[in-house]
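# have a look; sequence and predicted model below, questions after that.
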Amino acid sequence: MRTITLYLLLGCLLAIGGLWFLNSRLSAQVEDLELELSVLRDNLQVAEARLQIQEEQTQAAVERLRELDRKRQEAEQRVNRLRNLFGDHDLGKLIKRKPGLITTRIQKATEAYWREVQDATTTP
């Protein structure tokens with residue numbers, strides 16, 4: 001009878017030791033998973049912040065494109081107005097009769113045009 005009791009006691013001790021070992025391994029795995037979860041949450045926050053920045057940049061780019069399109073439409077209207085205005089005139093004759101007047105105006109208009117192009121294409 002003593003032998004059976006001794007074997008039962010030894011079996012219980014082995015079972016308790018096995019359970020303790022299993023518990024320690026599971027606890028270590030839980031700690032590792034909690035650490036991994038923490039890292040993933042931090043990565044998620046970083047990704048969300050980057051996404052927010054990209055959305056803001058995209059919105060700014062869309063606004064900039066709208067502004068450029070508006071300026072392009074204004075320029076087209078101006079070109080059409082000038083075509084209508086000068087379409088019936090013979091500028092060659094006018095240049096021959098008054099070269100200084102036309103040259104000066106053309107130069108000023110060209111400078112103004114390039115300033116507008118530069119303003120429209122430079123980022124704020």
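Yep, that arrived.
# could I get the average pLDDT for the helix or strand where residue 92 lies?
Assigned by DSSP states H and E, residue 92 belongs to helix 91-97. On average, the pLDDT along helix 91-97 is 76.
# now the element after that helix, going C-ward?
helix 99-121.
# which intervals of the chain have sub-threshold pLDDT?
In the predicted model, the chain carries pLDDT under 70 at residues 123-124.
# in it, which residue is most central in space?
Nearest to the mean C-alpha position of the chain, by CA atoms, centre = their mean, lies residue 54 at 2.4 Å.
# and the biggest helix by length in the chain, how far out from the chain's middle?
As assigned by DSSP state H, the longest helix anywhere in the chain is helix 2-86. Distance, stretch centre to chain centre, for helix 2-86: 17 Å (CA atoms, centre = their mean, to the nearest Å).
# just give the number of residues close to residue 75.
14 (other CB atoms under 10 Å). For the C-beta atoms, the positions are set from N, CA and C on the backbone; glycine is no exception.
# contact partners for it?
Shown in contact with residue 75 (CB atoms under 8 Å, 6 or more residues apart in numbering): residue 116.
# how close does it get to residue 117?
9 Å (CB to CB, to the nearest Å).
# could you do residue 70 as well?
Residue 70 is 15 Å from residue 117, by CB to CB.
# same question, residue 52
Counting by CB to CB, the gap from residue 52 to residue 117 is 33 Å.
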